[in-house]
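[1] requesting a structural model of the entry that follows:
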Amino acid sequence: MKRMIIGIAIALSAAASMAQNASESIEVRVVNVDVVVRDRAGKPVTGLTKADFEIYENGQKREITNLSEIHGSAGGAVTAKATPAPATPAPAQPSAFPAATEPPVEIRPRNIVMFVDNYSMQPFRRDKVLQSLRKFIDEQLTPQDRVMLVLCTQQVKVITPFTNDKKAIEDGIESVKKQVGANQNRSAALDQLKDRVNQFIDVAKEPRPKLTFMDAYNLSADLVNTFVEEEILSSKNTLAALGQVTAALAGLEGKNVLIFAGAHLPQNPGRENYQWLYNAYSSYIPGLTIPTESLSGRTGSMQHYSIEEAAKQASANNVALYIIDAADSRDSISAESRDTVDQEERFTSFSNTAIAYQTLARISGGLALTNSDNFDSAFQSLAADLNSYYSLGFKPANSTSDALRKIVVKMKNPEYRFRARETYLPKAPSTMDEMSTRVIANIYTLDPRNSWEVHLKPGTPEKDGAEYKVPFELSFAPTITLLPKDADLVGNFAVYVAVGNGSGTSKVIKNIHAVKVPTDAEDDFREKPMIYKAVIMMTSGENTLSIAIVDQASNNAGFARAKVVVP
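    Reported below is the predicted structural model:
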């Protein structure tokens, strides 16, 4: 990855939610919860009203303030029809009364992210998933929909920013197919581990062995420990990347879904590896004790909490996760081919990842497809959900707490099967973390809560050593909040800056600037745009410069971005 001077790290840390602009009034806000409802045969249930649902916030029942039933079809517009009902049952209307006027139809865009966990998948399986994605795009993408393609190979790379251009999406899919050789994924690393362990066993089998079986076992255990620690780091990076992407979707208008395709994300890291190690040596070392890690995974990894946190963050950001387990029969490894395949290890590996995938899907209101080669079916299930669901609204309880709140949806008809997200954030505080997330997200799609008119004009790059200086100018409306102080009016605005180059994003730089205007000069100040000039360092290539400005008094924010091609 090319280095960027302003914070050269890939932004993989889990970020704060961007659910609402902090300047909005919390007491009038309505929380919307999408609910997929199916009958026992799996067919969509239509024609429901608010009376068919119940919703609870932190265990307290809330009144459903609004309900929309969403309909769509392949290649057509997705529409929402509001079907409000009174909070308490009203007397039945005489049949002679005319039917109520049909409520207005609303067109609903859909923001779809394809997140490819490239490190964990075999290239052949990955390409099969992408083939099914391509079919889904051809059959289901509507003009108002947008698709983003993200590749994660222990680092995040946006292959295709949000677009509804099918040709651009197809080009992105072909680009992913060319990424990463077989020697750079998890299966290859596991192959190497098992091959080295088997070599130790072979040495211990020799007529005049240089190693005892116990020595060989201890050396093998060290290798497994190292491998598992690397797996834990890889998994945490993947989960953090997932959090970053779901945060980038928060607040976007329409239905937000993320399709996660991977082959390994263990609930208990190392569990199957320690099981395999024990099975490999137990016949050579009488009385060998099975490691406790073969039951609980690597001690102290806390992986299950990381998985739950990633799921809760997606849920809080109103992003449904659709998980595709693309493991090839739990990846039978070639290093095992000289022995009978360890069925216990294979099942442990499958169930370990399946539990994690099911957790991500359940908490966010999505679906997980595990132990199946029918990837078309996974995308068909997604299409069915996108084309038929209900959106419920409720007014949350007033609270000064910003902690996650639990949502529970119930249905009065026990015959129905339904799914909905399980958490939400009551509000998003205007913090450095939140604004950092929003300015990074702005690299890929313009922030929808753009309440301050901002224009960005980058200048000509100038070489400065190994990097380039890139000047830029911001002009923005002089609507900043000014408060009286002595004979002046004063205010402050913050400028946030980030750069993305397709391989990753920089850290975010923040600067706060004071504004002082004589009281009798305010009219003149309000007539002309405000100007801000700065210089940033970049490296060669095509970069996206993302800028946000925030009025420190009102929290109004403005966003802008521009492409910068550095020689």
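
[2] give me the element Asp138 is part of.
    Here Asp138 sits within helix 123-140, counting by DSSP states H and E.

[3] now what about whatever helix or strand comes next after that helix, what contacts it?
    Once the chain leaves helix 123-140, the next helix or strand it forms, by DSSP H and E, is strand 146-152. With CB atoms under 8 Å, 6 or more residues apart in numbering as the test, strand 146-152 has contacts from 109-119, 137, 141, 156-164, 169, 172-173, 176, 179, 237-238, 241-242, 245, 444-445. (Each C-beta comes from the backbone N, C-alpha and C, glycine too.)

[4] could you rerun that using 7 Å?
    Under the contact criterion CB atoms under 7 Å, 6 or more residues apart in numbering, strand 146-152 has outside partners 109, 111-118, 137, 141, 156-164, 169, 172-173, 176, 179, 238, 241, 245, 444.

[5] adjacent strands (with direction) for that strand?
    strand 110-117 (parallel), strand 156-163 (antiparallel) (DSSP bridges).

[6] what angle do that strand and helix 123-140 make?
    170 degrees (axes from the mean of the first three to the mean of the last three CA atoms, to 10 degrees).

[7] run the chain-centre distance for strand 146-152.
    Mean C-alpha position of strand 146-152 versus that of the full chain (CA atoms, centre = their mean, to the nearest Å) differs by 10 Å.

[8] mean confidence for it?
    In this model, strand 146-152 has a mean pLDDT of 91.

[9] and it, what's buried?
    Neighbour counts over strand 146-152 (16 or more other CB atoms under 10 Å) mark Arg146, Val147, Met148, Leu149, Val150, Leu151, Cys152 as buried.

[10] export those to CSV and tack on distance to Asn225?
    Formatted as CSV, those follow (distance: CB to CB, whole Å):
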residue, distance to Asn225
Arg146, 44
Val147, 41
Met148, 37
Leu149, 36
Val150, 31
Leu151, 29
Cys152, 25
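
[11] would you agree Ala221 is in contact with Leu277?
    Yes: Ala221 is within contact range of Leu277, at 6.5 Å (criterion: CB atoms under 7 Å).

[12] neighbour count: those two, which is higher?
    Neighbours were counted for Ala221 and for Leu277 using other CB atoms under 10 Å; Leu277 has more, 26 against 17.

[13] how about the more buried one, what does it touch?
    Val197, Ser220, Ala221, Val224.

[14] between the residues you listed, which sits nearest Val35?
    Val224 (44.2 Å; CB to CB).

[15] quick check: mean pLDDT of the host helix or strand of that closest one?
    Using DSSP H and E, Val224 sits in helix 213-249. For helix 213-249, mean pLDDT rounds to 90.

[16] buried ones in that helix, by neighbour count?
    Quick answer for helix 213-249 (16+ other CB under 10 Å): 213, 216-217, 219-221, 223-225, 227-228, 231-232, 234-249.

[17] got it, and stretch 536-549?
    Buried residues in stretch 536-549 (16+ other CB under 10 Å): Ile536, Met537, Met538, Thr539, Asn543, Thr544, Leu545, Ser546, Ile547, Ala548, Ile549.

[18] the longest strand in the protein is where?
    Secondary structure of the chain read by DSSP state E shows that its longest strand is strand 488-500.

[19] what's the next helix or strand after that strand in contact with?
    Heading C-terminal from strand 488-500, the first helix or strand you meet, by DSSP H and E, is strand 509-518. Outside strand 509-518, the residues that touch it by CB under 7 Å, 6+ apart are 6, 432, 480, 482, 487-497, 525, 552.

[20] need the CA coordinates for strand 509-518. PDB is fine.
    Provided in PDB are the C-alpha atoms of strand 509-518 (Å, rounded to 0.1, in the frame of the first residue of the first chain):
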ATOM      1  CA  ILE A 509      -6.400  15.300  11.000                       C
ATOM      2  CA  LYS A 510      -8.500  17.800  12.900                       C
ATOM      3  CA  ASN A 511      -7.900  21.500  13.300                       C
ATOM      4  CA  ILE A 512     -10.000  24.100  15.100                       C
ATOM      5  CA  HIS A 513     -10.100  27.700  14.000                       C
ATOM      6  CA  ALA A 514     -11.500  30.800  15.700                       C
ATOM      7  CA  VAL A 515     -13.600  33.400  14.000                       C
ATOM      8  CA  LYS A 516     -13.800  37.000  15.400                       C
ATOM      9  CA  VAL A 517     -16.000  39.600  13.800                       C
ATOM     10  CA  PRO A 518     -16.700  43.100  15.100                       C
END
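
[21] mind checking how far it is from the chain centre?
    34 Å.

[22] which of the residues in it are buried?
    Under 16+ other CB under 10 Å, the buried positions of strand 509-518 are Ile509, Val515, Val517.

[23] how about stretch 486-499?
    Asp488, Leu489, Gly491, Asn492, Phe493, Ala494, Val495, Tyr496, Val497, Ala498, Val499.

[24] residue ranges of the helices in the stretch 401-550 of the chain, please?
    Ranges of helices in the stretch 401-550 of the chain, per DSSP state H, counting those that start in this stretch, are 432-444, 522-527.
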